[in-house]
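S.K.: Mind looking at a prediction? Sequence and model below.
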Amino acid sequence: MKEVRVLILNGSPRKNGKVSQLLHIIEQNFLKQNAKVNFYDVCTLNFTPCKGCMACRSKKTCILPSDDAHKICQAIDKCDLLIAGTPVYWGNMNGQLKCLFDRTAGIMMGESKHGIPLPLQKGKKAVIITSCTTPFPFNIFAGQTTKAFNSLKEILSYSGFKIKKGINLSGTKNMKELPPRFIKKALSITPESML
C-alpha cells in the first residue's frame, strides 16, 4: 500500500479537550501504520482573515502576504486524507477553523467561466470530528452537532472531498474521560478504511 498523507486540523483551542484527544488517537493510529501525518492546532496558527477580494479564484492561491494559511493550503494540496475536528460554538465550527477555511478557497474551489463552482480536491477523502456540551438527543434537536458537521461537510464536499466518516461526541460538559465507544470509533479510522 502506498504511503498515506494525512492532514489533521484541530479546531479546538483546548490542547487536551475532547476533540484534541480524539484527533491525537487517530494521529497515533496512523503513525503506527507508517502514514505521513501533519497535525496542526489551528488556534496557534498565525494568519490574516480573508479580505473577500476574490483574487484567489483566478490565481488559484491567496494573494495576501505569506502566512500560516498558505502553509495549510500547501498541506491540503499534498494530502490524501483531511481530518478536521472542532468543538461546537453556537451550532457551528470554531471561528478560527472557519477563518482558515475561508483562506483556502483558492485551492479548494475553482470557477467555470459562468461562475459555477468547481471542486479542486477531487478524489481525496475526509473525516469530520465534532463535540459539544449539549447532551444527546438535544444536540440533534437543537442542531448543535448537526449544523457544525454540515458546515464542515459543505466546505469539504464542494471542494471534492468524499466524507468517509464522522464522529459527533455530545454531552461533554461534565465528561471526565472519553467514552470507550468513542475511542473505538477513533481507532476504527485507519489508512485501509479511508482509502
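M.R.: Cool, the structure landed.
S.K.: Just say helix, strand or coil for the spatially most central residue of the chain.
M.R.: The chain has residue 84 as the residue nearest its centroid, 1.9 Å off, counting by CA atoms, centre = their mean. State at residue 84, reduced to three classes by DSSP: H, G, I helix; E, B strand; the rest coil: strand.
S.K.: So residue 76, which state does it fall into?
M.R.: helix.
S.K.: That one: what's it in contact with?
M.R.: 7, 82, 104, 107, 108, 121 (CB atoms under 8 Å, 6 or more residues apart in numbering). Backbone N, C-alpha and C define where each C-beta goes, glycine included.
S.K.: per-residue pLDDT, the third one?
M.R.: Read that as residue 104. Turning to residue 104, the model gives it a pLDDT of 96.
S.K.: where's the nearest residue to it once chain neighbours are set aside relative to residue 36, distance?
M.R.: Sequence neighbours aside, residue 73 is the residue nearest to residue 104 in space, at 5.5 Å (criterion: CB to CB, 6 or more residues apart in numbering). Distance from residue 73 to residue 36, counting by CB to CB, to the nearest Å: 17 Å.
S.K.: name the helices or strands packed onto the host helix or strand of residue 165?
M.R.: Remark: residue 165 resides in strand 162-169, with elements defined by DSSP states H and E. The elements that strand 162-169 packs onto, with contact taken as 3 or more CB pairs under 8 Å, 6 or more residues apart in numbering; DSSP states H and E, are helix 18-32, strand 125-131, helix 144-158, helix 180-187, helix 191-194.
S.K.: Quick one: these as a markdown table, columns for distance to residue 60 too.
M.R.: Shown next, in a markdown table, are the helices and strands packed on strand 162-169 (distance: least, CB to CB, whole Å):
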| stretch | distance to residue 60 |
| --- | --- |
| helix 18-32 | 29 |
| strand 125-131 | 20 |
| helix 144-158 | 16 |
| helix 180-187 | 34 |
| helix 191-194 | 26 |
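S.K.: quick one, which of the ones you listed is nearest to residue 3?
M.R.: helix 191-194 (9.0 Å; CB to CB).
S.K.: Which of the three states applies to residue 135?
M.R.: Residue 135 ends up coil, using three-state DSSP.
S.K.: Surely it and residue 174 touch.
M.R.: No - judged on CB atoms under 8 Å, residue 135 makes no contact with residue 174 at a distance of 9.6 Å.
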